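Colleague: Sequence first, predicted model second:
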Amino acid sequence: MNHSKKTIIWFCVLVTSVLQFGCGENGKNIPATKLTASVVASDADTTAHTHSITIPFTDISAIPASDIYQYRSGVSSGHSHVIAISKQQIIDLNNGMKLVLTSSAPDTGSSHTHTWNLLGGNLLYEKNCYNCHTNDKRNHSPMNVSFNSSQTSAVINPGSAPLSASTAATPDPNYSVSTVVLPLNP
């Protein structure tokens, strides 16, 4: 048998094995509830309260569908905030970069904002790896996922990823959520 045919046969065996056995753990660590979104918390403000937003996995993409993505936080201390991410910032997150965003003023109460640190590596892990591995493989080399080198580095060490320099979107303080996504917070 010539070399090309042997290579093709071995490739087919490898692909079949991956499809049959997943990432090599035979489904031992599959979570009871699968994630469909990532939950990201803000930094605490002077009153020590924080807020959380939910970013659906469908938004973290190399080819975003919208020009601006907005997310309203959950209510904390009687109010909520909105953050906005531009199309290019979504692409940057998908490449594993970090974003530092400032929220809108609250919908009620005294005026203040929160800082949000979004780590693309964490979002990529939760989107592509968590539903097979839970947190067992966090900060390890991705397996059986087609990541580029910046995505791989970001998944291994999310905090060391470069900061996105893309122009930020301006959050609309009147933005309201049309669909609620309820993920499991890992």
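Modeller: That came through, no problem.
Colleague: Need the three-state assignment for the spatially most central residue of the chain.
Modeller: In the chain, the residue lying closest to the centroid (CA atoms, centre = their mean) is residue 123, at 1.9 Å. Classification of residue 123 using DSSP: H, G, I helix; E, B strand; the rest coil returns helix.
Colleague: from now on call the first residue 13
Modeller: Sure, I'll start numbering at 13, so the last one becomes residue 135.
Colleague: Let me know whether it touches residue 72 as I believe.
Modeller: Yes - Residue 135 lies in contact with residue 72 (CB atoms under 8 Å); the separation is 5.3 Å. To be clear about C-beta, it is placed using only N, CA and C from the backbone, and glycine gets the same treatment.
Colleague: Please give me every residue in contact with the residue nearest to the centre of the chain.
Modeller: Contacts for residue 135 (CB atoms under 8 Å, 6 or more residues apart in numbering) come out as 50, 52, 67, 72, 105.
Colleague: Am I right that the third one falls within a strand?
Modeller: Read that as residue 67. Yes - under the criterion used here (three-state DSSP), residue 67 sits inside a strand.
Colleague: ok, the closest residue to it other than its chain neighbours to residue 158 distance?
Modeller: Distances taken as CB to CB, 6 or more residues apart in numbering put residue 50 closest to residue 67, at 5.0 Å, once the chain neighbours are dropped. Remark: distance between residue 50 and residue 158 (CB to CB, to the nearest Å) = 20 Å.
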